Each structure stands twice: as C-alpha cells, then as structure tokens.
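> from the sequence below, what's the structure:
(2 chains)
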Amino acid sequence: MISLGINSRFLHVIITCSLLFMPYFLISQKDTTLFNEVTVRGNHLKIDRHTTLNEAQIERLAPNDLGSLLQYINGITIKSYGGIGGMKTLSHRGLGGEHTQLIVDGLPVSDPQNGQTNLANIQLNNVEEVGLSHQNTDHLVPVSGLVKGSSVQLKTFDQQFSPHKFSLRSSVTMGSFGQKEGFVGLKKGGDKTFISFSGGYRTYEGDYPYQLNFGNESQQLYRRNNALEDYQVAVGAGIKWRKGTTGQQIKFFAKRNAIDQQLPGAVIFYNNMAQETLKTENNSAGLNYRLYSSKFAFKAFAQYSNRFLHYHDPTYLNTDGFLDNQYTTNSLIGGFHLRYKWEDFTFHAGNDFGYDALETTRNLGEPNRTTNTSMLKAKYYAKYFNIEASVFSQSFIDRNTSKTHRKDYHKLHPQFSFYTSDALFNDLQLFIWYKPSSRAPSFNELYYSQVGNKSLVPEESSQVNIGTRYIKTIKKVDFQIQGNIFKNLVNDKIIALPTQNLFVWSIQNIGKVDVFGGDIHLSASTQLNRNWKINFQTGASLQKAIDISDESSPTFRNKIAYTPSLTGNAMLSIFFKKAGINFTGLYIGERYSLNENTSSNRLDPYLVFDLSANYTFKLKRNQQLKLHAGVKNLGNSSYNFIKYFVMPGRNYFIKLSYEIN
Amino acid sequence: MKLIKYIIITLLVLTSCKKEKVDTSVMDSSFNNGLLVLNEGLFQHNNSTLSWINLANNEVHNDVFLEKNNRPLGDTGNDMLVYGGKIYIVVTGSSTIEVIDKKTLKSIKQIQFNYNNQPQEPRKMAIYSGKVFVSSFDGYVTAIDTVSLNISKRIKVGRNPEGICVANQSLYVANSGGLDFQNVDTTVFEIDLNTMSVVDTFIVGNNPGSMIADEFNNIYVVKRGDYTSDPSEIVRINTSDKSVTNLGIAASSISKRGNQLYISYFNHSSGSSAVSTYDCASQSLINPNLINNQDITTLYGVIPFKSDELICLDAMSFTNTGYLRFFNYSGNLNNSIKVGLNPNSIVHYE
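This next block holds a predicted model:
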C-alpha cells in the first residue's frame, strides 16, 4: 500500500511542479511600496507581542511537524503519540486542545469530527512564523477563533505579499528510519499581487528501535506498522490596491494534503501484530478580504474544507474479519470583523457563521452543526494603560437525522483585559485578562457508536491571567523576560469513561478541573562582534491541574491525566559568520496516565536534547544554499509522553535547502 | 556565558530527578493462607497484574507476577483458574495464556494465542479431564493439554465466544458476537467432548456472556442485551429437555457455591450494585438483595469465599484502583482490601 524507497514519484512531483509554474518565473513585476496592516501603534506596541518562533528559529529546530515545534512554546504541552506521523494534540495551561484555536494565515482551522486538530499533519516547510497568542489583540482575527482563550497562529510563505518579484523555497531532507522529504515553494509577484505554489512529499518507514523496561530488566524491540507517505499541494494568490487612504486586499488559497499511514497503536506486550491503517485527505479553499484606512478596518472571509478519513483494521475479529470506517466532514465558515477608531477608543464588531456536516459509513446518522459567534468589543487607550471589554455570544445548534437532541446552546461570555503602557513603566508592562469561552462537543463525542452521548453540552472554561513583561538592552544584550500567573477553571468537562463494563465506554459531561500555575520565559541575544552572535532562550511552566469533580472520588484533587506539572525548554544558538550551532533541550515532568495519581499510573519525566549545525552558502545576491544536519534525541533516551506510545531514540537528519529571496 | 552555565546546571539537575523505585519487598517463597487476585487493568494500558493478599495480616503485595518473573503479565488479564499445581491466566490484549506454578508464581509457559497470522484474543476458560478449554474472540475454542501444555485441538464455534462451561461430557460456549455490535450473536453451542464437535445450538438472547452449570442439568447464561432497552438477565438452559427459559433476574455475572448461585448486577444508570442469591435445587430466588449497595462503588463480580462469606469485586468506576470487599452472609461489610485496577478473578490458597 505504501511504496517506500527513494522513488521516481518524488522526482515526478518536483518536475511537474517546475514545469507547471515555469511561466511565472518568466513574467515579473516591479517592486512597489509596502503597505501593511495598519495597527494601533504609538506607545502600546508591546501589547500584540506574544510568544513567537520566526522562520529562522523554526529552521534551526528542524521540527517534523507543528506538534513537535509547539513543544518549544511555553505553556503548551503536546500530547505526542509517536515520531513522524504519530498523532499530536495540544493542551494549553491544562485545558483541552479544543480551547485553543489554530489559525493559519488569518483563517481558523478546526476539526469538528475529532474536536482537536492533529498537529502531526501540519508540516512546516512553508511556515514563516508560529506564535501563541492570548488574543488581546487589535488584529482582525475571525471572532470564532478570538473567543477562545488562546490561539496558535501560523503564517505561511504561500500567503504573504513580498517585496521580491520572485521567491523560491526548496529543500530535500533525509533522516533516520527511512525519512525522505522534498519541498518546493514558489512565489511570483510582489507587494501588490502574488501568485504562489507549494508542494511537498514525504515518506517514512518508522521502524525505530525502542526499549521496554520490565521491572528491573529491559528489552530492545522495534516499532512496526509505522510507515507513512504523504503529499501536500497549495496554490495561493493575492492582490492589493489603494485609493486615497484606503487600501484593500484579497487573498485566495486552495490546498490539498493526503496522508496514507500505518497505525502502530500502543505497544501491547507480547502482541506486536497491529495492522491498522489510516488515510487522511484534507482539501480546503478560502478567500480573505481586508480593507484598511486610518480609522476603519474591515475583514471578511469565507472558507470551505473537506476532510476525509478512512480507517481500516484487517484483523478485527467481527464477522467481516475487518473493520472499515470512512468519515467525510464538510465545513463552511464565513464571517467578518470590523474595527473603528475614534479618538482614544477602538470599537470592534464581528460575526462568524459556520456549518459542519459529517457523513460516515457507520451507523451514526447524518449529524450537522450550525455555529454562530458574535462579538462586540470596545477598547480605551489612556496615557498609562489601556482597557478592553468585550462580549461574545456563542451558539451551537446540533442536528442529526436519526437522533433527538439537547436544546440548542446559547451563551454570552464577557471578556476583559487591562494592560499598562510604556508611558507608565518604560521597559516593563503589566497586564491582566479574563477569558471565558465554550467549546462544543465533537461529532465523535456526540455520536460515536455506543460511546457517543447526544445529550452532551458544551464544555466551559474560564481563564484569568496576570502577567508581566520586561524588555531591556543591557550592554549590547537584548533581554526579554515574561512571566504569568494563571488560574483556569473547566466546567462540564467532557470525558470518556467506561460505564456498563470495561468495553462499553461513554462520553460524559462530569468533569470539573481547576488549574493554577505560572510560567516564565527568558530570552537573550547578543552580537558579540562582526562574526559572533549568540541567541538564548529558555522557559519553564509550572502548573497544577487537578480534578475537582467529585469529593467522594479517589481522584478528587489528583492531577488530571497527562498534564505534567513541570515542563521546560531551552534553546541556544551560536553563530559564527555563516555557520551556526543549535542546541535545544526539552523537559517534560512526571504525569499520570489516568486521573488517579498512583505509582502504577505514573510516567517518568524525560529530557530530550537535539543538536544541529548549519552552514549557509551565498550563491549570488538573493540566492542561498543551506546545509543543516543534526542529531535528535542526542542522549538516546527512551521515552514516551503517552503510556506505551514509544518515541524514537537517537536519530539523524540532513537537510539541503535552496532559496531565492 | 554565566547564564548559560547556570541553565546547563539546572538542566542537569532536572535530568537526575527522582526515579521511583520498583517495589523490592521480599515475600515468602511459599504462598499459603492468602488470595491471589487477577487485576484486569485497562485495555491497551498493559497493566494487568496479580496481587497477593496474605490473609494472616491482610498485607497486600501488588504486581507479584512482575516480581517473580521480571516481566509483566500483559494487557487485559480476563480470566484465571487453578488446576492441579498450575494456575492458568488468560491475557486477552496480549493474546497469551500464562501458565504459572501455583507454589512459586513463576511462569512455566507463556502460550502465544495467534492463529491465521492474527491475535486470537482469548477470553474465558473451563477445565475437563486434563484439558483447559479456552474461548477466543476469533471464533474458536482451543483445548490445551495440561501436561504437555501444547494446543491439542481447535474447535470452530460462533462469533466472539466468551463464557464457557462443562456439564455432562459436553462443553457449552456462549457466542457473544460482541464485536458485531448492533448485530450481536444470540446462541450457545454445545460441543460433545468425546467427538469435539458442535452437536446442538440454543438461542438464549442477545450478546451472551458468562456461564455456569449446576448439578441439576441446568446451564445459566448471562445474556447482556444491548445495554439499553434489552436488559442484562439470566437465561437457563435445561440440558435434558433442551428448554431455554429467561429467569428475568437482572445480572452482570454469576458464580456458585454448592447449589446456590450468586448473582452480581451493576446498574449503570442508577449507579447501584446488587447481589442476589438463587437456589438451583428449588429454582427460586432466595434473596433479591443481599448486600447494601452503599458499600460498593462499581460491582464487578461476586465470589463466594470460605463457607459463609462473599467477596465483592469493586471496580471503582473502572479507572481507579479496585477493592475486594468482604461481606458476611447477612450482608454486612467486614473488610475492604485495596488491590489493583479492575480485579476480576481470585484463587484462594488455604
């Protein structure tokens, strides 16, 4: 099913891409003046700053996917089920991944079937920036995403206007356990129009060795049924125009991503015979329109996505002798967000409307959901501070041909934030914010046969954050320190529990979680002299996410499953001329596989180091060839985040990139 | 640079963080006056364990299989029985039968249950004349010779067989069809133990599970229904006149002492647990509710103990460490002992 080995198909893709887009190489336009989004500037610049990783930092980390990258952003815990292809979902500050919105190029990405987006399916070859935002922003973020406590925002090469007439990104990567990867991205145009294409192809055998510890002994085994093949293509276009002081732009994209993979499952002792497979296809297309003037800004967008999942287990012991399930989700989302500035105030209004429908080969009916999110927001800028208050309205209307439902859900959420300005303390900023929001149960949670529970209500979370940020340059060293203390509450938490017996589970709204914690992030960079430069950053997050659902339960006040109390990361890069060395460390503290914090449910902490080196050859002006090679999991530590979903030991990669502009 | 130094030191300190020690408590090499408990664990968590309870002082040693064998039992230990000097444990997820020495708890043989290149997922066992009969989800009953520990025969039965018992030179197997949910099986097969072939079929109701035979030519089967409108109840098969009768008694699992059936029932919607007793001789319900359900969180089975006690298996909502709850015959709770996750079977060492 999955063809392996360096193959002609890869070359074929590259050649096809080159030929298809050759005409665009030849036509070029003149650079024109840049005009970016007009944001509220002045003495409040730092407000929009959030934890981001830029293109260079992403490159240095050489992550296999978005999930592996986000581990290096403070406060995010990635639940990782394997290396390349292994499912990865995120949890931010003890809340489920559904409370964090993924936003790619300004448009929301969701998965109504599973609730959480699998971050392993998002590759980063074309990503220029990844950031975590707590969304106290003046940017015109779609309000269905803005209502959530946090968002992970991606900017891709494909969707940015550029000062260059032509840009190219291309790379070839080889890695341990049969990793082969190729990517090409082309962009033609400039700062007024662009047209882009990108395509990538990857295969992975995934037969990595791992160690199983049996009491005082251990055994060396190999992961099997873990191969993967995927490809992705995207086209994009954008146009900007200006009339007087009003600028407008429209961007368009269409993407396709298909993954054909084997599922190794959890390691089961004495039974290494998994044969399950999964096919995933994602297709989407979207339009994003913006209008800007000095006082008024407006954004409207529309997006269609189609997701197809095909699960197959050829060893299932039913009458057919196999299990074969297919799911297709169609989603439409559209909305607007406008901003009006009047003296020291800005006012925002927005509305998003979404429709999702699931069709499956299983007997789940034909569920659909209509979602509406509206927002009104006002922000006041005083000399020493600014203050923002907003109200969000969330509605979820679920229907299914074969089932009757709970009442439609409507909820109003007031949100609030307060930030000091530079005028108060020059290098120091203090802020506080409060963000409640709801997340709807996923289609799986509502309908999954036997397990699903159609009377589920949305899960509600609220977050309070008190934070500070200090930015200062001392003796040529740029310092930035950020610290936060947060308190989160989750009500009606949606959890899966066995009910009738061990094999009949059900999803229920019974959990209550209390999260209290803090995080600190420090970065320092300095240019020692013309040749030497050092960047360093580190972060640590301490949190206590405890179950407060039921006083009589043995898990009362125990830490909830898979929420480590302590996580930390550090990144050090040293540059000498065109060469660089990068060293990273990631620490994940102890956690429990179930809500009961017993020693048998405890999972060991782990520390993983990566080391890599890169060298850039400048070919001509605007052209460079980069060589990057490294070792991941340098200490060859045998670890798993999720119990028995073993991760690869020491592995190597080499990547060659060629870039124009 | 100083900063970097400190960071590296911090990281080194973090790596050397505490590592929990494996329980190295020394145990008596001879096991007597105690209970060996099979804890099922949770599916795909590889955490099925054996607990040893010393009845002299009620001391519990968890995970004695690991301690004695330096390897874990595996995933989902579903059934355990003792025969001769050996204990047989069915490990469903790992698809193995673990044969251990009763005296030392050391593994004598781990039998891989793979057939046609796929895991068979063994479920339940019964003993007859020097053979252990194992039902497995792939639709077979497998006979294992208890001397050579080799597989001596495979008999094709219905869909996803579960409960299995022996009566009058016949083997009865409950075909659950549980993996075809919404289209489950309803049959019990009778296999002639002399010819090893299926000789009769009884229709008992949806999704039959555990089974037990009495001394009066009756087989009792728990037909689990569909967990909603079709309730989980006991159905009686009379092996002499071949009649099938639904006794209308709510049940999740059954056990027997003498001529009395002990029926455990956990009602999920009300969260209540009940134990009832049934007299096989007079075919009548003796006590519809023997114990106080306040004493139990999630009843996972009842096992008669000594001549007049009962052990209720409390699965504690299935995800928390389970308990054995000891009741006297008047239904009063005498003692509770914490064991492992989802205790399901017990071997009593006198």
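> so what's the residue most central in space within chain B closest to, chain neighbours aside?
With the centre of chain B defined as its mean C-alpha position, the nearest residue by CA atoms, centre = their mean is B:Asp79, 3.6 Å away. Once flanking residues are discounted, B:Asp79 sits nearest to B:Val90: 4.3 Å by CB to CB, 6 or more residues apart in numbering or on different chains. No exception for glycine: its C-beta is placed from N, CA and C like everyone else's.
> how many residues are close by residue 170?
The chain I'm using is chain A. Look at A:Ser170: counted by other CB atoms under 10 Å in any protein chain shown, it has 20 neighbours.
> right idea, wrong chain: chain B
Counted with other CB under 10 Å, B:Ser170 comes out at 19.
> need the nearest residue in space to it, chain neighbours excluded.
In space, and not counting its chain neighbours, B:Ser170 is closest to B:Glu190: 5.1 Å by CB to CB, 6+ apart.
> thinking A:Tyr409 is in contact with A:Pro441, fair?
No. Counting by CB atoms under 8 Å, A:Pro441 is not a contact partner of A:Tyr409; they are 9.8 Å apart.
> which bits of the stretch 551-661 of chain A sit near chain B?
Within the stretch 551-661 of chain A, the residues that sit near chain B (CB under 8 Å from any CB of the partner chain) are A:553-555, A:568, A:570, A:572, A:585, A:587, A:593-596, A:598-600, A:602, A:604-605, A:607, A:643-644.
> which members of those residues occur in helices, if any?
Using DSSP state H, no member of those sits in helices.
> picking that back up, which of A:Tyr409 and A:Pro441 has more residues huddled nearby?
Taking other CB under 10 Å, A:Tyr409 and A:Pro441 do not tie; A:Pro441 has more neighbours (28 against 16).
> how about the secondary structure of the more buried one?
At A:Pro441 the chain is in coil, as set by DSSP: H, G, I helix; E, B strand; the rest coil.
> spit out the contact partners of A:His410.
Neighbouring residues of A:His410 by CB atoms under 8 Å, 6 or more residues apart in numbering or on different chains: A:Ser393, A:Gln394, A:Ser395.
> doesn't it belong to a strand?
Yes. Counting by three-state DSSP, A:His410 is found in a strand.
> quick one: it from chain B, how far?
Look at A:His410 and chain B: by CB to the nearest CB, to the nearest Å, they are 29 Å apart.
> which non-adjacent residue is nearest residue 111?
Reading this off chain A. A:Thr117 (4.9 Å).
> sorry, I should have been clearer: chain B.
Once flanking residues are discounted, B:Ile111 sits nearest to B:Ile97: 4.2 Å by CB to CB, 6+ apart.
> repeat for A:Asp519
Leaving aside its chain neighbours, A:Asp519 sits nearest to A:Ser541 (3.9 Å; criterion: CB to CB, 6+ apart).
> any idea of the pLDDT on the residue located most distally from the centre of chain A?
Residue farthest from the centre of chain A, counting by CA atoms, centre = their mean, is A:Thr319 at 39.9 Å. Looking at A:Thr319, its pLDDT reads 89.
> give me the neighbour count for the closest residue to it other than its chain neighbours.
Nearest non-adjacent residue to A:Thr319, counting by CB to CB, 6+ apart: B:Asp180, 5.3 Å away. For B:Asp180, the neighbour count with other CB under 10 Å is 16.
> check the one 10 residues further on too.
The local packing of B:Glu190 (other CB under 10 Å) involves 20 other residues.
> can you give me the buried ones in the helix or strand hosting it?
Assigned by DSSP states H and E, B:Glu190 falls within strand B:187-192. By 16 or more other CB atoms under 10 Å in any protein chain shown, the buried positions in strand B:187-192 come out as B:Thr187, B:Val188, B:Phe189, B:Glu190, B:Ile191.
> quick revisit: report the contact partners of the residue nearest to A:Asp111.
A:Thr117 is in contact with A:Thr89, A:Gly97, A:Leu102, A:Val109, A:Ser110, A:Asp111, counting by CB under 8 Å, 6+ apart.
> repeat that for B:Tyr349.
By CB under 8 Å, 6+ apart, the residues touching B:Tyr349 are B:Phe31, B:Asn32, B:Asn33, B:Gly34, B:Leu35, B:Leu36, B:Lys102.
> quick one: it from B:Ile89, how far?
15 Å (CB to CB, to the nearest Å).
> returning to what we had before: what's the helix or strand for the residue nearest to A:Asp519?
In this structure, A:Ser541 sits in strand A:532-547 according to DSSP H and E.
> any idea how far A:Ile510 is from A:Glu551?
In this view, A:Glu551 and A:Ile510 are 13 Å apart by CB to CB.
> between those two, who's got more neighbours?
With neighbours defined as other CB under 10 Å, A:Glu551 and A:Ile510 compare such that A:Ile510 has more, 13 against 7.
> what about the residue nearest to A:Asp111, which SS state?
Under three-state DSSP, A:Thr117 falls in the coil class.
> what's the separation between it and chain B?
In this view, A:Thr117 and chain B are 23 Å apart by CB to the nearest CB.
> tell me which parts of the stretch 51-200 of chain B are close to chain A?
Close to chain A, as judged by CB under 8 Å from any CB, the stretch 51-200 of chain B has residues B:62-63, B:66-67, B:70-72, B:74-75, B:91, B:93-96, B:110, B:112, B:114, B:117-119, B:121, B:137-139, B:159-160, B:177-183.
> any chance of a PyMOL selection covering the buried ones in the residues you listed?
To isolate the buried subset of those in PyMOL, counting by 16+ other CB under 10 Å, use the following:
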select buried, chain B and resi 62+63+66+67+71+72+74+75+91+93+94+95+96+110+114+118+119+121+137+138+139+159+160+177+178+179+180+181
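> what about the residues of the stretch 51-200 of chain B next to chain A, which are in helices?
Per DSSP H, the subset of these in helices is B:Leu66, B:Glu67.
> count of neighbours near residue 230?
If you meant another chain, say so; for now it's chain A. Residues within reach of A:Asp230, counting by other CB under 10 Å, total 20.
> that's the other chain; I wanted chain B
14.
> same question, B:Ser229
Quick note: B:Ser229 (other CB under 10 Å) scores 6 neighbours.
> kindly report the same for A:Tyr355.
Residues contacting A:Tyr355 under the criterion other CB under 10 Å number 16.
> what helix or strand is it on?
In the assignment (DSSP H and E), A:Tyr355 maps to strand A:345-360.
> does anything pack onto that strand? Which helices or strands?
In terms of contacts (3 or more CB pairs under 8 Å, 6 or more residues apart in numbering or on different chains; DSSP states H and E), strand A:345-360 is packed against helix A:143-146, strand A:323-342, strand A:368-381, helix A:443-447.
> run the chain-centre distance for the last one.
Shown here is helix A:443-447, whose average C-alpha point lies 22 Å from the average C-alpha point of the whole chain (CA atoms, centre = their mean, to the nearest Å).
> number of residues surrounding the closest residue in space to A:Val267 that isn't next to it in sequence?
Spatial nearest neighbour of A:Val267, chain neighbours left out: A:Tyr644 (4.4 Å); criterion: CB to CB, 6+ apart. When neighbours are counted by other CB under 10 Å, A:Tyr644 registers 19.
> now A:Trp505
A:Trp505 is flanked by 18 other residues according to other CB under 10 Å.
> B:Asp185 now?
B:Asp185 has 25 neighbours, counted by other CB under 10 Å.
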